[in-house]
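A.B. asks: Build me a model:
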Amino acid sequence: MDGMADPCRGETLIDPSAGQEHEAPCPAPPVYKVVEPLRRSTPLVFASPHSGQQYPQAFLLQSRLPLLSLRRSEDAFVDELFAAAAGYGAPLLAANLARAYVDVNRDPAELDPDMFSDRLPMRIQRGSPRVQAGLGAIPRIAGDGQDIYRRKLLAAEAKARLSLVHAPYHAMLAALIAEARAAFGCAVLIDCHSMPNCARGPLQPDIVLGDRFGASCHPSVTGFVEAALQRMGYRVARNTPFAGGHTTQLHGRPSVGVHALQVEVNRSLYMDERALTRSAGFERVRRDMTRLAAALTAAQFEKTLR
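C.D. replies: Numbering: from 1, shown residues only. I've put the predicted structure just below:
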């Protein structure tokens, strides 16, 4: 790791789901978890890059914001909504570290040099719209639009976070996709997210499907998911306002049998967005996402996508 200290090792982590502080074991806790099925029976792979709820203590000390403000960046509980996919033969990969700490659904080059006191030693994309908005791989702002940091960071910290969190997450996702493709001749990644109710755009959808306007996923998959969700009573939009992020761009390669579809669920359907707690609608949405996983498995897309 180029001699850099692990920013998580040996320090206190804050996990709001546990309601208390606990000491991180040595070595550091994993940056992701994988819920594996008893037997792989489908080319599907599910991922939840923004549901992580672990906050390194050193990061919290750098921040000028309370934990609740930082947590507004999370896609809270999304990993729980889709966790039953393992019961239908598909693995689920979920980030453990919080999105405010490092965003694994951004290109690692999407960094804002103005956030750092010294020169970044890697190629950067400072002109990216996401960087300009403060939402790069190391975010400048939290989900409520407030600046996260008290002062500028060291460039070495960005390099460490990307090496220790971002790279391992995508290496594991690539491995899961490769295993599915080897076993079934194709792979279908369902990248799971949530969106604030205020971000739904003029169409006011309940769920937005992003396939990068057809570049990351075969239309038969997108169409199948859209129809299945509509039958459940959801208003569904495609690619507006969310067409897909770094994950769908990086891993979606229909020409070689790898398809990636982003699914954004309106948070107001299943949680109290202010208190960041599950609402009465949570069980219905979780049940419906389980039905979606079952329908996708039964569809046997490998016959079409190989």
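
A.B. asks: Strands along this structure, start to end?
C.D. replies: For the chain, the strands defined by DSSP state E occupy 12-15, 20-23, 32-35, 44-48, 55-56, 92-95, 187-195, 207-210, 236-238, 258-266, 271-272, 277-278.

A.B. asks: and the ones you listed, which is most packed in?
C.D. replies: Mean neighbour count (mean count of other Cβ atoms under 10 Å) peaks for strand 44-48 among these, with a mean of 28. C-betas here are computed from N, CA, C, even on glycine.

A.B. asks: Okay, angle between it and strand 187-195 too, please.
C.D. replies: Strand 44-48 and strand 187-195 are oriented at 30 degrees to each other (axes from the mean of the first three to the mean of the last three Cα atoms, to 10 degrees).

A.B. asks: For P129, grab the count of nearby residues.
C.D. replies: 9 (other Cβ atoms under 10 Å).

A.B. asks: I'd like the distance between it and G245.
C.D. replies: 12 Å (Cβ to Cβ, to the nearest Å).

A.B. asks: From what I see, R130 and N105 are in contact.
C.D. replies: No. Taking Cβ atoms under 8 Å as the definition, R130 is not a contact partner of N105, at 9.7 Å.

A.B. asks: And these two? Which one has more around it.
C.D. replies: Neighbours per residue, other Cβ under 10 Å: of R130 and N105, the larger number sits with N105, 26 against 19.

A.B. asks: How about the contacts made by the more buried one?
C.D. replies: Listed by Cβ atoms under 8 Å, 6 or more residues apart in numbering, the contact set of N105 reads 49-50, 99, 191, 193, 245-247.

A.B. asks: TSV for those, including pLDDT and distance to D144?
C.D. replies: Shown next, in TSV, are the contacts of N105 (pLDDT from 0 to 100; distance: Cβ to Cβ, whole Å):
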residue	pLDDT	distance to D144
P49	98	20
H50	98	15
R99	98	13
D191	98	24
H193	98	17
G245	95	20
H246	97	22
T247	98	24
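
A.B. asks: Helices of the stretch 101-250 of the chain, start to end?
C.D. replies: 129-132, 155-161, 167-184, 219-231, 246-251 (DSSP state H, counting those that start in this stretch).

A.B. asks: Y32 is nearest to which of the ones you listed?
C.D. replies: helix 167-184 (5.2 Å; Cβ to Cβ).

A.B. asks: Any regions of the stretch 1-150 of the chain where pLDDT drops low?
C.D. replies: 1-29 (pLDDT under 70).

A.B. asks: please redo it, this time with the cut-off set to 50
C.D. replies: Scanning the stretch 1-150 of the chain with the threshold set as pLDDT under 50 gives 1-27.

A.B. asks: didn't H259 look like it was pressed against D191?
C.D. replies: No. Between H259 and D191 there is no contact under Cβ under 8 Å: 10.9 Å.

A.B. asks: between the strands of the chain, which gets nearest to G145?
C.D. replies: Closest to G145 of the strands of the chain is strand 187-195 (Cβ to Cβ; 15.1 Å).

A.B. asks: Measure how that closest one sits relative to helix 219-231, angle-wise.
C.D. replies: Here strand 187-195 points in a direction 40 degrees away from that of helix 219-231 (the same axes, to 10 degrees).

A.B. asks: Specify the angle between strand 187-195 and helix 167-184 in degrees.
C.D. replies: Using the same axes, to 10 degrees: strand 187-195 against helix 167-184 is 140 degrees.

A.B. asks: Kindly check the end-to-end length of stretch 70-88 for me.
C.D. replies: End-to-end span of stretch 70-88 (Cα to Cα, to the nearest Å): 34 Å.

A.B. asks: Just checking the distance from it to the centre of its chain.
C.D. replies: Mean C-alpha position of stretch 70-88 versus that of the full chain (Cα atoms, centre = their mean, to the nearest Å) differs by 9 Å.
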